[in-house]
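**Q** Kindly return the folded structure for what I paste below:
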Amino acid sequence: MKKTILGYIIAFVILIISIWLGVSIGSVKVPISTLWNTAADPTATNILWKIRMPRVVLAGLVGASLAIAGAAFQGLLKNPLADPYTLGVSSGASVGAVVTLFFGISTPIFGIYTLPAFSMLGALLAMMGVMAFARLVDRTMKMETLILTGIIVSSFLGALISLLIALTGDELRQIIGWLMGSVSMRGWPYVKMVWPFVLIGSFLLWLNRRELNAMLFGEERAKYLGVDVKKSKILILIGGSMLTGAAVAVSGTIGFVGLVVPHMTRLLFGADHRHLLPLSFLNGASLLIVCDLFARTIISPTELPIGVITALIGAPVFSYIFFRQRRTKGA
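**A** Numbering: from 1, shown residues only. Below you'll find the predicted structure:
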């Protein structure tokens, strides 16, 4: 228990430091005192509250969403390599979002939430497609089968996106820039667009924290423990897809956050989903805020896509996890 409490303290401290760095550092240095003394410097106040703070909050929400979704998918599939990116869920969300942008879809029912709604639908369909195809190929749904299926689905969906881009006219720059992953120049409207889905999706996963723990021992044993496995699976898939779709809708495709954060959190603080889910949420927010800070300052004034930074971190970690899994099986 002491280790878990320490984990929460560390996660909160890192998050606060990340927010502080995110709002303070940039082409113009903004003193942190601007947060509570808005009358001191009107220019600094505008930069803080209209540009940097919404960017930091959005990066935090996106990182938290991808991390907690990754933790849930890894628990559901009992696979440390599972995350929205490797399973093709992010690609499905991207297709949903690109189709919305390409056709200029706007429904009176969803209003400003049309983009995240279609993105979530794409994420859910992609997740269902990956699991259905993997089960057809291999009833046991081994790790290699799921990863390969995710790659196949991602490749197919990537081809669809490329086709839409090839057919695009004036919106080409917007779609390509969005696909590379960024939280730049989004503002408070995007924060308002995404936070309800982050809240609902995270709550759905949190409700199933004990079920995720039970399913770590296998579906049959979980049933003996009184878990409604089918219902829990559906809720976890809906929650994870909602979080992934909402994140992709406002930031584009950002890979490996859902892989790296849950894995490192699990190594440090254990696999109990009662704590793994909230700790992954907090650590995911911190990681993406820091990655965004690097993306906009490392070669300032030019900005790198945030997906480049997360890929540079995530690809080696992915390789390490995969290598260790193979060595463990071969031992």
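**Q** For the stretch 151-300 of the chain, give me the ranges with low pLDDT.
**A** 169-174, 177-178 (pLDDT under 70).
**Q** In it, mark out all the helices, start to finish.
**A** Using DSSP state H, counting those that start in this stretch, the helices of the stretch 151-300 of the chain run over 172-179, 188-207, 209-215, 219-224, 229-251, 257-269, 273-297.
**Q** Redo the ones you listed as CSV? Include mean neighbour count and distance to residue 10.
**A** The way it works is simple: take the backbone N, C-alpha and C, and place the C-beta from them, glycine included. Shown next, in CSV, are the helices of the stretch 151-300 of the chain (neighbours: other CB atoms under 10 Å; distance: least, CB to CB, whole Å):
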stretch, mean neighbour count, distance to residue 10
helix 172-179, 15, 34
helix 188-207, 18, 20
helix 209-215, 20, 20
helix 219-224, 13, 31
helix 229-251, 24, 23
helix 257-269, 24, 9
helix 273-297, 25, 9
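**Q** Now do the residue nearest the centre of the chain against residue 86, distance only.
**A** In the chain, the residue lying closest to the centroid (CA atoms, centre = their mean) is residue 66, at 1.7 Å. From residue 66 across to residue 86, the span is 12 Å (CB to CB, to the nearest Å).
**Q** what do you get for residue 113?
**A** Distance of residue 113 to residue 86, given as CB to CB: 27 Å.
**Q** quick one: which of those two has more around it?
**A** residue 86 (24 against 18; other CB atoms under 10 Å).
**Q** Can you give me the pLDDT of that one?
**A** Residue 86 is assigned 79 on the pLDDT scale.
**Q** so it, which of the three states?
**A** What DSSP: H, G, I helix; E, B strand; the rest coil gives for residue 86 is coil.
**Q** Ignoring the adjacent residues along the chain, who's closest to it?
**A** The shortest distance from residue 86 to any non-neighbouring residue, by CB to CB, 6 or more residues apart in numbering, is to residue 150 (5.2 Å).
**Q** Then residue 187?
**A** Among residues not flanking residue 187 along the chain, residue 54 sits closest, at 5.1 Å (CB to CB, 6+ apart).
**Q** so what's that neighbour up against?
**A** Applying CB atoms under 8 Å, 6 or more residues apart in numbering to residue 54 gives the contacts 186-188, 190-191.
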